[in-house]
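1. Sharing a model prediction with you, sequence too.
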Amino acid sequence: MNKIIFLLSLLLSFSCLAQSPEEKAPLPDIFAHLENELKISHFPSPVFASIDPDEPDTYIWKHNTCLISFTKDIKVLEGGAYIFYNDQWNLRVRMEANEFCKLFDIKKCELKAGQPYTFADNWRRDQKLYGGWAMWYAIGVDKDGKKVFGVGKLDTVGELYLNKESQ
């Protein structure tokens, strides 16, 4: 029995070591006392870079971002994104509700339960080809006044799709 417990604890410790730093990093304090009720997802993820003929000197990580509240109508209060560096999530951009909702086409900043909202061209552009982690977030409030949040992590890879497909 002790051997089984030892093996299980050893496997668990290896799985924790296999996680990348951004997966293990604590969420920013702003989310500490909020319930995680919103879902944010990115497609594709991970996202590789491409080069557009109209912008030949620019790498573009083309993806979209989707936000949904599965069970409740939610009034959006704010949204934005963090990026991961120095072993922590660092605020990249914070948007007031109207600015954030415009990106996702959320009428009156009200998420309807079960309705997905999409930021279709949420693209990263850079002159350098390098990867990194981003984390989009949204904070809102339900009809009972309870604040909720959701986050969605995105891996932007420092490689071109062309290189990925040839492997």
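-> Nice, thanks for sending it over. This structure is a prediction, so every number in the text was calculated from the model and none was measured.
2. So which residues of the chain form helices?
-> 2-18, 21-24, 97-104, 161-165 (DSSP state H).
3. Averaged pLDDT, the second one. What do you get?
-> Across helix 21-24, pLDDT averages out at 73.
4. Val76 and Lys147 touch, don't they?
-> No. Val76 is not in contact with Lys147 according to CB atoms under 8 Å; the separation is 11.3 Å. Quick note: C-beta positions are derived from backbone N, CA and C, even for glycine.
5. Mind checking which of those two has more residues around it?
-> A direct count of neighbours by other CB atoms under 10 Å for Val76 and Lys147 places Val76 higher, at 25 against 15.
6. Common neighbours of Val76 and Lys147, please.
-> 139-140 (CB atoms under 8 Å, 6 or more residues apart in numbering).
7. Run a quick neighbour tally on Asn51.
-> Asn isn't right for residue 51; it's Ile. Using other CB under 10 Å, Ile51 has 15 neighbouring residues.
8. Contacts only, for it.
-> Here Ile51 is in contact with 58-60, 160 (criterion: CB under 8 Å, 6+ apart).
9. Scan the protein for its longest strand.
-> strand 147-160 (DSSP state E).
10. ok, it: who's next to it in the sheet?
-> Partners of strand 147-160 in the sheet, by DSSP bridges, are strand 35-36 (parallel), strand 47-52 (parallel), strand 132-141 (antiparallel).
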